[in-house]
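Participant: here is a sequence together with a model predicted from it:
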Amino acid sequence: MPIDVNAKRIDSPTYKLIMYLNKYEPDLLEDEEIQFLFKNLKTHFKKLFYTISYIDKIQKNSDFMDVHDQSGIVSVSAVEYCYYKISTIFDIAYQVADKLIFPKKKGGNKYEYLESRFEAYAKNLIALQIGWYKSLNNIRNRIVHGGITVNPFYVNNERVKSRICFQAYNFDLDDLIEVDFMYSNGCNNNINFADNYFTFHTHLLYSYLTDFFEFVLIELSKNKGHDVEDLSLNDLPFDFFERDQKTWLLSEVDAFVDITKKMIALHLTCGDVDRIDEVSSEDVSQRFQKFPFTMMNKIGEGDWVLVEKEGE
């Protein structure tokens, strides 16, 4: 298997929860279903991440698009796949909580139940909001059941450059995605830049996962007297285990970061693609401190760089 020497690490949203389970609730961590869910969460997140970078790559290759995407099947398949992955990741996180802290009988539907549980944490865990996901999942569900059309566009001109865009609309031709300067293509009737749209929602998803698993940890450890700030065991096998759980190794992080920066610049220009280059890197990086871009501060070097440094 080839090694990606450019891969980088991001902080794992499940790190503290897994460390807590390992130290205080080992029987829960040894449950095969829990292990399966944690493993699948990371796997599907990687797949989402790679598909966004795939969109970024192929849209820049006009020759490829002309030959292989005349019918739009490549573009629409990538768009629909991203919808599926985000929904799958959200559901896996819910299943973890359902296994660890949620009662068997819940009031209301899944979303109503989550929102009722999140109310007490709204001030401190600001990413515990699911309005964005309900809108996105509504589109995903309609894709599955044939209730909408996802229409791809390949825009290749001087202003927009080479970009895959899409629109999602129902049988009445109502656009199901609200205009947002993060991802709306104002030059073409506010259809959506596919890479921007899913990059933005991946940031929302990552922020949600980070706060969601913090919420699960708080609820799980409540009234048990456990020190959740000291999850170390001070032994060598644990050190290896902790290192493996602390971060996720991802390829194409640089491409994702580049999309994020350009997306924020587009937002700062209120959607004016002609002024993106005028936005300073300082103005863009300031947004990394704000919701939902917390991932940008949680990116570290990959294993290859660490090995090189150790050999210096």
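Facilitator: The structure has been received and is ready for your questions.
Participant: where does the chain dip in pLDDT?
Facilitator: In the predicted model of the chain, residues 1-2, 236, 304-312 satisfy pLDDT under 70.
Participant: go again using 50 as the cut-off
Facilitator: 306-312 (pLDDT under 50).
Participant: which residues in it form strands?
Facilitator: With strands called from DSSP state E, the chain shows them at 8-11, 148-157, 161-170, 184-185, 191-193, 247-250, 299-300.
Participant: adding distance to H68, write the ones you listed out as TSV.
Facilitator: For the C-beta atoms, the positions are set from N, CA and C on the backbone; glycine is no exception. Below are those laid out as TSV (distance: least, CB to CB, whole Å):
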stretch	distance to H68
strand 8-11	29
strand 148-157	11
strand 161-170	12
strand 184-185	22
strand 191-193	20
strand 247-250	26
strand 299-300	32
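Participant: of all the ones you listed, which one is nearest F241?
Facilitator: strand 247-250 (13.0 Å; CB to CB).
Participant: break down the stretch 101-250 of the chain into its helices, ranges please.
Facilitator: 110-118, 131-145, 194-221, 236-246 (DSSP state H, counting those that start in this stretch).
Participant: count of residues packed around the closest residue to M296 other than its chain neighbours?
Facilitator: Distances taken as CB to CB, 6 or more residues apart in numbering place F288 nearest to M296, at 4.0 Å, with adjacent residues excluded. For F288, the number of neighbouring residues by other CB atoms under 10 Å comes to 17.
Participant: in contact with F288, which residues?
Facilitator: 294, 296-297 (CB atoms under 8 Å, 6 or more residues apart in numbering).
Participant: can you list those in JSON lines and add distance to V96 and neighbour count?
Facilitator: Output for these, formatted as JSON lines (distance: CB to CB, whole Å; neighbours: other CB atoms under 10 Å):
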{"residue": "T294", "distance to V96": "20", "neighbour count": "18"}
{"residue": "M296", "distance to V96": "25", "neighbour count": "20"}
{"residue": "N297", "distance to V96": "24", "neighbour count": "11"}
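Participant: TSV for those, including distance to K8?
Facilitator: What follows is the contacts of F288, written out as TSV (distance: CB to CB, whole Å):
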residue	distance to K8
T294	16
M296	12
N297	13
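Participant: closest one of the residues you listed to T247?
Facilitator: Relative to T247, the closest of these is N297; by CB to CB it sits at 13.4 Å.
Participant: which residue sits closest to that closest one in space, ignoring its chain neighbours?
Facilitator: N297's closest residue in space is F288 (CB to CB, 6+ apart), at 5.6 Å.
Participant: returning to that earlier point: ok, so of the contacts of F288, who is nearest C165?
Facilitator: M296 (24.3 Å).
Participant: where's that closest one relative to F238, distance?
Facilitator: With the distance defined as CB to CB, to the nearest Å, M296 ends up 30 Å from F238.
Participant: list the residues that contact Y81.
Facilitator: Y81 makes contact with T51 under the criterion CB under 8 Å, 6+ apart.
Participant: how much space between it and D4?
Facilitator: Remark: distance between Y81 and D4 (CB to CB) = 21 Å.
Participant: any chance of the helices of the stretch 101-250 of the chain in CSV with distance to K57 and mean neighbour count as columns?
Facilitator: Putting these into CSV (distance: least, CB to CB, whole Å; neighbours: other CB atoms under 10 Å) gives the following:
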stretch, distance to K57, mean neighbour count
helix 110-118, 35, 15
helix 131-145, 23, 16
helix 194-221, 10, 23
helix 236-246, 29, 12
